[in-house]
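Chemist: Need a 3D model of the following:
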Amino acid sequence: MNQQQLEDALNKMLMSTESVSKAAILRKKDGQVRIQTPTFAMSKEEFNTIKAAFESPRVGRDNPIVLDGSKYLAVRVDKQAIYAKDAIVSCVCILFLLGERECLE
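Modeler: Predicted coordinates for the structure are as follows:
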């Protein structure tokens with residue numbers, strides 16, 4: 001996928017639903033953000049938690065995911081995405097973790 005295709009996927013397919021408040025496409029190897037919404041922010045420690053959730057979906061479902069200081073409760077975790085919502089305002093956050101070959105170099 002090229003940069004424009006990733007941006008289109010993020011903006012048109014996710015953000016246009018009005019159910020998603022934050023989204024990003026990350027490189028699995030090191031957490032490098034490839035594409036993100038303006039409201040998405042993540043520290044290295046937060047990425048490590050996200051990576052652990054992808055490696056063991058139960059971890060993602062049993063522990064809150066913190067992004068930019070806000071806690072999100074996972075409603076679905078699989079090998080490609082985490083769907084989580086903020087318990088206060090019910091915002092949904094979707095994160096895609098892609099393998100190296102699937103991301104832009």
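Chemist: Please list the residues outside the longest helix along the chain that contact it.
Modeler: Counting residues, the longest helix found in the chain (DSSP state H) is helix 44-55. Applying C-beta atoms under 8 Å, 6 or more residues apart in numbering, the contact partners of helix 44-55 are 26, 28, 31, 42, 59-60, 63, 65-68, 74, 77, 79, 82, 95, 97. (C-beta placed from N, C-alpha, C; glycine too.)
Chemist: Which residue ranges of this structure form strands?
Modeler: 20-27, 33-36, 65-67, 70-77, 81-86, 92-98 (DSSP state E).
Chemist: Tell me, how many residues neighbour the closest residue to Val20 other than its chain neighbours?
Modeler: Closest residue to Val20 apart from its sequence neighbours, by C-beta to C-beta, 6 or more residues apart in numbering: Leu14 at 4.6 Å. Using other C-beta atoms under 10 Å, Leu14 is surrounded by 19 other residues.
Chemist: One more: Thr17?
Modeler: Close neighbours of Thr17, defined as other C-beta under 10 Å, add up to 10.
Chemist: Could you measure from it over to Asn11?
Modeler: According to C-beta to C-beta, to the nearest Å, Thr17 and Asn11 sit 11 Å apart.
Chemist: And Lys22, how far from Ser56?
Modeler: The gap separating Lys22 from Ser56 is 22 Å, by C-beta to C-beta.
Chemist: Great, nothing more from me.
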